[in-house]
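Peer 1: I need the structure of the sequence given here:
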Amino acid sequence: LMESAILLGAFLLLAALGVPLAYAMGLSTAFVMIFVLDIGLAAFFSRAFAGIDAFALLAIPFFVFVGELLTGGGMSKRLIDFANSLMGWMRGGLGNVNVGASVLFGGVSGSSAADTAAIGGVMIPEMKRAGYDPGFAAAVTASSATIGSLIPPSVLLIIYGGIAGLSIGDLFLAGVGPGLTVGVFLFLYTWWRGRQQVGAEVAFSLANVGRTSARAGLTGILPVLLVWGILTGATTATEAGVVGAVYSLLLGKFIYRELTWRSILGMAAKTAELTGALMLLLFTATAFAWVLAFVGLPRLIVEAIFSISENPSVIIIIVVLFLLLFGMFVETIAAATIVAPVLLPLGAELGFDPLHFGMIVIFTLLVGTVTPPVGILLFICQGIAGVSTTKAVRAIAPFIAVLLGVAMVVAFVPELSTWLPSIAER
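Peer 2: Now for the predicted structure:
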């Protein structure tokens, strides 16, 4: 217990001093291994390299590249126009256009951050122009952007699958149900709140739906293509990433003609930069998590939780609250890398399906991306909306309550996560 306290204390101190999370985890882990556990640095590098030596992780740069191509290739605007033709006729419908666009874009980008940048950059100014409260516009965008890491493809699901030893394809399929559930809950709440602010934006027109669907149709095919390939076994998750990258490149360059070779090279460079940052984070977080496991923290946590209650329902509520608190302070990918090895034994002890337990962990941590003090998605949207932190936090509070309600649904309705993967196994 003392070793765990020293490791966590050193990590939190470095993080509080502004040291990037990857370096904070690496330095604190190396310090504890050398000066507390008397283990050489060779073990640090051995464990850290083991964390990134996984074939499934090859999918990461491809899906990151897909997100870059879609954001820069004008495809996000096409999806927004299509969502607007379907929902813009409702009173307060522009908020639901925002949610619908996040569902559509989440199915092709693989990243909540990409979703926030692509959708928020268009929808927040548009909602402000239409008369919506800027804080409300930021809150809708940030909360709906969490869908991007649930609906396949998803970089976060790839990383979690590598850590937990789960099939990436099965995780992709498991994320569809929770992702769509988030979309439905946010749709209903946004409609209820939005109709109190602004009237309908556009008149409903089948001709407009047909025109926008034709413009967005080729983009909308991508998530269907990826899920179909994984569902039928035609492609692995990594191969699906390659298919998605090639498809997006051809679409943006030769069909929509909104990409230039110069912009594509810039996107490739940004993809390399983001992938390198993710792999460094995964590299040090793996060693960090190994030390926690080595000193027996997972076992202590399991025993401590069972000492409070042996009721699975009570335990899962405790786990959700713990993950929410942890996700408020630690970036989602780093948090997933740390907590997965710690909590997986608890899930096994309770008899949870690994895919279902993974969805509980991932989605609850995602709530932290819109929750202060870290709340990266919230603060991206706050900057786009040009509102104060106080106003953004006040606006996001009811949306966090909605997301927590969804977290409980995901936790207590396992079929949301397991139904689609079970079909794929038949």
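Peer 1: what's the distance between the most centrally placed residue in the chain and I376?
Peer 2: In the chain, the C-alpha nearest the mean C-alpha coordinate belongs to S149, at 2.7 Å (CA atoms, centre = their mean). Using CB to CB, to the nearest Å, S149 is found at 12 Å from I376. Yep, even glycine has a C-beta here, placed from its N, CA and C like the rest.
Peer 1: E415 now?
Peer 2: With distances taken as CB to CB, E415 is found 31 Å from I376.
Peer 1: thinking again about what came up before, the residue nearest to the centre of the chain touches G67, doesn't it?
Peer 2: No - S149 lies out of contact with G67 (CB atoms under 8 Å); the separation is 11.3 Å.
Peer 1: need the per-residue pLDDT for A200.
Peer 2: We note a pLDDT of 57 for A200 in this prediction.
Peer 1: try D115
Peer 2: Note on D115: pLDDT of 68.
Peer 1: repeat that for M267.
Peer 2: On pLDDT, M267 comes in at 91.
Peer 1: tell me the helices and strands packed up against the one helix or strand it maps to.
Peer 2: Under the criterion DSSP states H and E, the helix or strand holding M267 is helix 261-294. If you count contacts as 3 or more CB pairs under 8 Å, 6 or more residues apart in numbering; DSSP states H and E, helix 261-294 packs onto helix 2-16, helix 21-31, helix 41-52, helix 59-72, helix 155-164, helix 332-350.
Peer 1: so which of those gets nearest A289?
Peer 2: Closest to A289 of the helices and strands packed on helix 261-294, according to CB to CB: helix 332-350, at 4.5 Å.
Peer 1: can you list the buried residues in the closest one?
Peer 2: 332-344, 346-347, 350 (16 or more other CB atoms under 10 Å).
Peer 1: which residues in the stretch 301-426 of the chain form helices?
Peer 2: 312-329, 332-350, 354-367, 376-385, 389-412, 415-424 (DSSP state H, counting those that start in this stretch).
Peer 1: just the mean pLDDT for the second one, thanks.
Peer 2: Across helix 332-350, pLDDT averages out at 85.
Peer 1: which secondary structure elements does that helix contact?
Peer 2: Under the contact definition 3+ CB pairs under 8 Å, 6+ apart, helix 332-350 sits against helix 21-31, helix 155-164, helix 261-294, helix 297-308, helix 312-329, helix 354-367.
Peer 1: and what of the third one?
Peer 2: Here helix 354-367 is seen to pack against helix 155-164, helix 168-194, helix 312-329, helix 332-350, helix 389-412, helix 415-424 when contacts are counted using 3+ CB pairs under 8 Å, 6+ apart.
Peer 1: deepest-packed of those helices, please.
Peer 2: Mean neighbour count (mean count of other CB atoms under 10 Å) peaks for helix 155-164 among those, with a mean of 25.
Peer 1: distance from the chain centre to it, please.
Peer 2: In terms of CA atoms, centre = their mean, to the nearest Å, the gap separating the centre of helix 155-164 from the centre of its chain is 11 Å.
Peer 1: stretch 219-238 too?
Peer 2: Its chain's C-alpha centre and that of stretch 219-238 lie 19 Å apart, by CA atoms, centre = their mean.
Peer 1: now L259, what are its backbone angles?
Peer 2: With angles defined as degrees, to the nearest 10, L259 sits at phi -110, psi 140.
Peer 1: pretty sure it contacts G252?
Peer 2: Yes - using CB under 8 Å, L259 is in contact with G252, at 4.0 Å.
Peer 1: spatially nearest residue to L350, not counting backbone neighbours?
Peer 2: Leaving aside its sequence neighbours, L350 sits nearest to P312 (CB to CB, 6 or more residues apart in numbering; 5.2 Å).
Peer 1: so where is the stretch 1-150 of the chain shaky, pLDDT-wise?
Peer 2: The stretch 1-150 of the chain contains residues with pLDDT under 70 at 73, 107-111, 114-115.
Peer 1: the helix holding M267: which residues count as buried?
Peer 2: 263-264, 267-268, 271, 274-275, 278-292, 294.
Peer 1: end to end, how far does stretch 342-356 reach?
Peer 2: Using CA to CA, to the nearest Å, one end of stretch 342-356 lies 16 Å from the other.
Peer 1: residue contacts, the nearest residue to P341 once chain neighbours are set aside?
Peer 2: Spatial nearest neighbour of P341, chain neighbours left out: A289 (4.5 Å); criterion: CB to CB, 6+ apart. Neighbouring residues of A289 by CB atoms under 8 Å, 6 or more residues apart in numbering: I163, T337, I338, A340, P341, V342.
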